[in-house]
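Starting from these lines, generate the structure:
(4 chains)
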There are 4 protein chains.
Amino acid sequence: MIRFENDYAEGAHPKILQQLVATNEEQSPGYGMDEHSEKARAYIKKAIADEQADIHFLVGGTQTNTTVIASILRPHQGVIAATTGHIAVHETGAIEATGHKVLTLPSDDGKLTATQVKACIEGHWQDSTHEHMVQPGIVYISHPTENGTTYSKAELTALSDVCREYGLPLFLDGARLGYGLVAQDSDLSLAEIAKLCDVFYIGGTKMGALFGEAVVIVNPAYQKDFRYMIKQRGGLLAKGRLLGIQFETLFEDQLYMDISHHAVDMAMLIRQAFIDKGFDLRYDSKTNQQFPILPNSLLATLGEKYSFSIWEAFDDQHTVVRFCTSWATKKENVDRLIEDIQQLA
Amino acid sequence: MIRFENDYAEGAHPKILQQLVATNEEQSPGYGMDEHSEKARAYIKKAIADEQADIHFLVGGTQTNTTVIASILRPHQGVIAATTGHIAVHETGAIEATGHKVLTLPSDDGKLTATQVKACIEGHWQDSTHEHMVQPGIVYISHPTENGTTYSKAELTALSDVCREYGLPLFLDGARLGYGLVAQDSDLSLAEIAKLCDVFYIGGTKMGALFGEAVVIVNPAYQKDFRYMIKQRGGLLAKGRLLGIQFETLFEDQLYMDISHHAVDMAMLIRQAFIDKGFDLRYDSKTNQQFPILPNSLLATLGEKYSFSIWEAFDDQHTVVRFCTSWATKKENVDRLIEDIQQLA
Amino acid sequence: MIRFENDYAEGAHPKILQQLVATNEEQSPGYGMDEHSEKARAYIKKAIADEQADIHFLVGGTQTNTTVIASILRPHQGVIAATTGHIAVHETGAIEATGHKVLTLPSDDGKLTATQVKACIEGHWQDSTHEHMVQPGIVYISHPTENGTTYSKAELTALSDVCREYGLPLFLDGARLGYGLVAQDSDLSLAEIAKLCDVFYIGGTKMGALFGEAVVIVNPAYQKDFRYMIKQRGGLLAKGRLLGIQFETLFEDQLYMDISHHAVDMAMLIRQAFIDKGFDLRYDSKTNQQFPILPNSLLATLGEKYSFSIWEAFDDQHTVVRFCTSWATKKENVDRLIEDIQQLA
Amino acid sequence: MIRFENDYAEGAHPKILQQLVATNEEQSPGYGMDEHSEKARAYIKKAIADEQADIHFLVGGTQTNTTVIASILRPHQGVIAATTGHIAVHETGAIEATGHKVLTLPSDDGKLTATQVKACIEGHWQDSTHEHMVQPGIVYISHPTENGTTYSKAELTALSDVCREYGLPLFLDGARLGYGLVAQDSDLSLAEIAKLCDVFYIGGTKMGALFGEAVVIVNPAYQKDFRYMIKQRGGLLAKGRLLGIQFETLFEDQLYMDISHHAVDMAMLIRQAFIDKGFDLRYDSKTNQQFPILPNSLLATLGEKYSFSIWEAFDDQHTVVRFCTSWATKKENVDRLIEDIQQLA
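Below is the predicted model:
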């Protein structure tokens, strides 16, 4: 079985493992105060061209989203997100468990528009009973989204402008950030994201690390006491250097971008194969996740050799499936898959 | 600088790293449903002689304590703990952040007694205003405690009896469990702990793993839906196999016990050196943490070559410090320390 | 200005005030342990034909919904409600503030159907990632709904059956319960509601009391320790007898039903006047709230003498408004309103 | 049975009831936006000599404490209180249910000292692991305290100074505020309290109202969006005018102070009777609660005609009991009690 079902099926990129082995016997202080974490922070600050940003390393995505959002909101405020947003669907109510409502806006491709967000915020203030309703307090987006789509610079700028107009922070979930940075349909650089967002995170788990996410708090208004929050939410790793070493490795050279390019290159080959064979794609993703719409009759055939995710029923006869690539995706396996796609009857 | 300040200064035991490297390219399903996690669970079930227990792997201690306690309590209930308990002091209010009060009982050595717990529970029910007070809902202990002390079989049995008499679960925090299992002053085996507690966890982070804690839910009443809780609290690692591989390695042979023995052996040498030199110990610890009371005048001298924790002021002239050992503590460094202790003026 | 904008514009029914005055100097124990509260509980038990039910008096609706729901759910569970449900819209995230998600299902008239609820629950369990999603844990409905509509006996029975099939409690918000009991389109008695629901509340605030809601916990599984919950959520009134006296007055004779009949009779007159004049109604309400769709050009005219609520825009030319009646609505004012409706150009 | 067991055994002061009756048929907007609430706010602003303060009316004390504290704190912060503080003991963990720890400081008489609070705050910041601990975020005191004791102007000024030095708001629980204002051992006026505190509340429930507490937010930094908080915590009464009418009545003339004087005068008579008879007092209270230490042998005798609270065991032979007075305490009943105290053998 060759697995394309997700982007976290293997361990870590070999360079990361090498570094963990090489540094294993070093003695270092705990909780992220070690030299590797310091270096990783320095590399990231350079990459985003912002020396004033606060950078923290957490273990996983749900924890990161929860810690950031709960740190910023007051009790009566909620977080605006797409109906498909990870925090709205797939975190077992982690945001609500911190006391806050997720205010969902409809989205087909996983993105929010500036117009939608503006209407939501204005709608709140114009409602005469607004004190009886949850006040929008932060805007959450993903780049790329759960559906593999990305924001353009113009789109993110428009969102950022609305947020700043109304005084709401913009928080970007970058669990798969690298894949968005190299996507053909996004012209956003890491430095531009840092300028347009108040907080964002650079995903590690799905980007070649064993685990770990790097939170970047750009806006000083939200930097205060964040380490307390991490500790309270269970994210302050005793051996914090493990996170430092991984992000140091990802960012000291071009590894993070190299991994991103490889995965997206592989995904584009798979995408083209499905298109060439005449299959439609559910979302127009230029990132490492591809969502072909397959006749139900072919699922079993393809499933004999390859694992992939069943995303949703498209109609009675068709199903949307998901194929993912990662740093670990082998060209030879992609070639084999493409051949088998071509053979599908 | 030779570090004795904590038991998480290095990476992981080399065998664990080897296994992470060896399995790195394997493809496996996420979130702890992989074969390594399965094997680890099987080994632990065997070690505790209980096939019905539910076993889950979480990332860190604060997260584990929070997830277990919040999963069990109803909103009006609190957790009984020693004033020195980790959840009462050093988790930035993580328990309270889930809505529950920590009901602290005084303790000098970090242990709770059955008598104390019984009095606390009975006191609640005898108070005519008890509905205006937080109801005791679970009992939390650590073994070994924060102070290195351990429960004997008789003590834990008495606590367990009180808990069962009043219908409260007994939860044992085993962040350093191995060190307690091999301590001379505890006659408790892992299987006995599993019989006497309703839930406990087997620490990994401070016991040779990179990170990770294995929660054992012995009492079926508390097993239901626990994976939802882990996800909600941010503890369901995407690459869950990382935890599986580590606990598989720790428990397939005697590695967990070997690590425990080594660390405690090293600690006992240090302990004896302090005693021989005429220093008192703040707590009578037979585990990997030692708490000598040193004249303030000697702190700087000893601090030149060795790092250790300042625990608390003992009096105007003396300070309690903490020396820790671990799997990584080298005999040669201990020998050097002992020599230097002997030289102290 | 004659006010029809809500059903809480005046104080209390005169009989209630009389009783508060008559009993004012009595000395009684606090927190609902007084004789009046006891009597009120006895009257209600008789009215619902269930001696085993637990009955508690709380101050207001948001508090009641929050206390009931938070008392029942475990942390990973949420409450199913209509998108229009009071808890989903108009309680400033009070449910989320207790840690729980409101799982909304679409509804035009404010009602949930058994089919919808069944599909929601089954959908959860059939989703292979259900542990990453909030588990449905209780079903919340209102009778009458926010839109004045009611459940028939057959509809409530079907909902109750689905809830029992899947082990979820059914909770009915009866903020305006009396108006539902006397509505022509509902054949549900109080005793039948008590048989079909696990918990419900009998509204006082909008039904002639100064304030107060009577929670009826029918299912013994949810009765335990509820007074702790009330206290924790700030609902345990020191002078609890105030609630007892009010519900005693409402239920010792037919006052609760008399008030209900009066308000609905008045509402039916208003309803007919709008229909006769050729206006459509947004919801087919047979209760004390009426939702005519008026041309925007007439709003100002009608607003000169009468206050009513702007509910929502219907289209560019029309607006849905709300007229409410209550125990205090005077026939002479209704007559005047009807005359003015007839005069509308 | 003549009741001295608490200060909420009766209904409301007759003038308040009269006003509720007189205004019963008035129609007014809900949720505290009515004219009576406006007038009550104006009277209170005049009484505290601060036109900029925000004033809100809530239903009860637990709700008020919870709403204020949760509105101000960030998630990692806790509230400093005396071990005897109402929020620490008798609110069923309501503060913790909002996610915050109560950081208790020892107190025999129920008061906190500036020195204690300063040491607590400095202790936090000096601890190198402070990010692992709950950060002090607000200081909660009661005036009078649970034990009937009061702060002098010098004491409250010292507390206020410490709070301002460290940037923590000072919150004063005035559930029995009037009794403190007229106590011989306090030289604090309402206006001085308003100058020294950031937030406080003027109790109604125990001061002659049916129910209700008036929150005064003096410091503009904490005024924003407070009505959302009240709604979320279930404290925004639909018929908000009930609170307005009561506080209007209490503050338009001298009623609040008259009630206070009467109750304290009655309490001083009882106090003197116990002293004259040779009994010690547990706390030196000059307010409406008196805590004589009685031989256990006399409890039954006194309990035949009078109800009072059992406060705590003093020693094997003696018990601390509590006698309360209120607006409703009749001089003739106090005289009878005094006679019976004199007769005690």
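
now check the lowest-mean-pLDDT helix or strand in chain A, is it near chain B?
Using mean pLDDT, DSSP states H and E, the weakest-scoring helix or strand in chain A turns out to be strand A:2-3, at a mean of 92. Yes. On the criterion C-beta under 8 Å from any C-beta of the partner chain, strand A:2-3 is in touch with chain B at A:Ile2, A:Arg3. (Glycine included, C-beta is placed from N, CA and C.)

For that strand, which strands pair with it and how are they oriented?
strand A:306-307 (parallel) (DSSP bridges).

if we can go back for a sec, to the chain's geometric centre, what's the distance from the least confident helix or strand of chain A?
In terms of C-alpha atoms, centre = their mean, to the nearest Å, the centre of strand A:2-3 is set 22 Å apart from its chain centre.

ok, now stretch A:88-97?
16 Å.

and it, is it in reach of chain D?
No. Stretch A:88-97 lies out of reach of chain D by C-beta under 8 Å from any C-beta, never closer than 10.2 Å.

And the average pLDDT for that stretch is what?
What stretch A:88-97 shows for mean pLDDT is 97.

Now the terminal residues of that stretch, how far apart.
End-to-end distance for stretch A:88-97, by C-alpha to C-alpha, to the nearest Å: 12 Å.

that older thread, pull out the buried positions in the next helix-or-strand element following the least confident helix or strand of chain A.
In the C-terminal direction, the helix or strand that comes right after strand A:2-3 (DSSP states H and E) is helix A:14-22. Using 16 or more other C-beta atoms under 10 Å in any protein chain shown as the test for burial, helix A:14-22 gives A:Lys15, A:Ile16, A:Leu17, A:Gln19, A:Leu20, A:Val21.

is it possible to export those to CSV including distance to chain D and pLDDT?
As requested, the buried residues of helix A:14-22 are arranged in CSV below (distance: C-beta to the nearest C-beta, whole Å; pLDDT from 0 to 100):
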residue, distance to chain D, pLDDT
A:Lys15, 31, 98
A:Ile16, 27, 98
A:Leu17, 30, 97
A:Gln19, 27, 98
A:Leu20, 25, 98
A:Val21, 30, 98
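
Please report the distance of A:Leu298 from chain B.
To chain B, A:Leu298 is 22 Å away according to C-beta to the nearest C-beta, to the nearest Å.

what does A:Phe200 give?
A:Phe200 is 18 Å from chain B, by C-beta to the nearest C-beta.

what sits against that residue?
By C-beta atoms under 8 Å, 6 or more residues apart in numbering or on different chains, the residues touching A:Phe200 are A:Phe171, A:Leu172, A:Asp173, A:Gly174, A:Leu177, A:Ile193, A:Ala194, A:Val215, A:Val216, A:Val218.

Relative to A:Ser37, how far out is it?
A:Phe200 is 19 Å from A:Ser37, where distance means C-beta to C-beta, to the nearest Å.

How about the helix or strand encompassing A:Ala154 and chain D, any contact?
According to DSSP H and E, A:Ala154 maps onto helix A:153-166. No. Under the criterion of C-beta under 8 Å from any C-beta, helix A:153-166 makes no contact with chain D; the nearest approach is 14.4 Å.

ok, for the residue in the stretch 151-300 of chain A that chain B sits nearest to, nearest residue in space, not its chain neighbours?
The stretch 151-300 of chain A approaches chain B most closely through A:Gly234 (3.0 Å), counting by C-beta to the nearest C-beta. Distances taken as C-beta to C-beta, 6 or more residues apart in numbering or on different chains put B:Gln63 closest to A:Gly234, at 3.0 Å, once the chain neighbours are dropped.

List phi and psi for the most far-flung residue of chain A relative to its centre.
Within chain A, the residue lying farthest from the chain centre (C-alpha atoms, centre = their mean) is A:Ser128, at 36.6 Å. The phi/psi pair for A:Ser128 (degrees, to the nearest 10) reads phi -70, psi -20.

Next, count neighbours for the closest residue to it other than its chain neighbours.
The shortest distance from A:Ser128 to any non-neighbouring residue, by C-beta to C-beta, 6+ apart, is to C:Ile310 (7.9 Å). Burial of C:Ile310 is recorded as 14 neighbouring residues (other C-beta atoms under 10 Å in any protein chain shown).

Test my guess that C:Ile310 contacts C:Val321.
Yes. Between C:Ile310 and C:Val321 a contact is recorded at 6.0 Å, counting by C-beta atoms under 8 Å.

can you map out the helices along chain A?
A:14-22, A:35-48, A:61-72, A:86-89, A:94-97, A:114-126, A:153-166, A:177-181, A:190-196, A:226-232, A:241-252, A:255-276, A:296-303, A:331-343 (DSSP state H).

got the contact list for the fifth one?
When contacts are defined by C-beta under 8 Å, 6+ apart, helix A:94-97 is touched by residues A:62, A:65-66, A:69-70, A:79, A:87, A:101-102, B:98, B:231-234, C:75, C:78, C:96, C:99-101, C:134.

got a list of what A:Thr66 touches?
Counting by C-beta under 8 Å, 6+ apart, A:Thr66 has contacts A:Glu91, A:Ala94, A:Ile95, A:Ala97, A:Thr98, A:Arg233, B:Gly234.

hang on, the earlier thing: out of the contacts of A:Phe200, which one sits closest to chain C?
Nearest member of the contacts of A:Phe200 to chain C, counting by C-beta to the nearest C-beta, is A:Asp173, at 15.3 Å.
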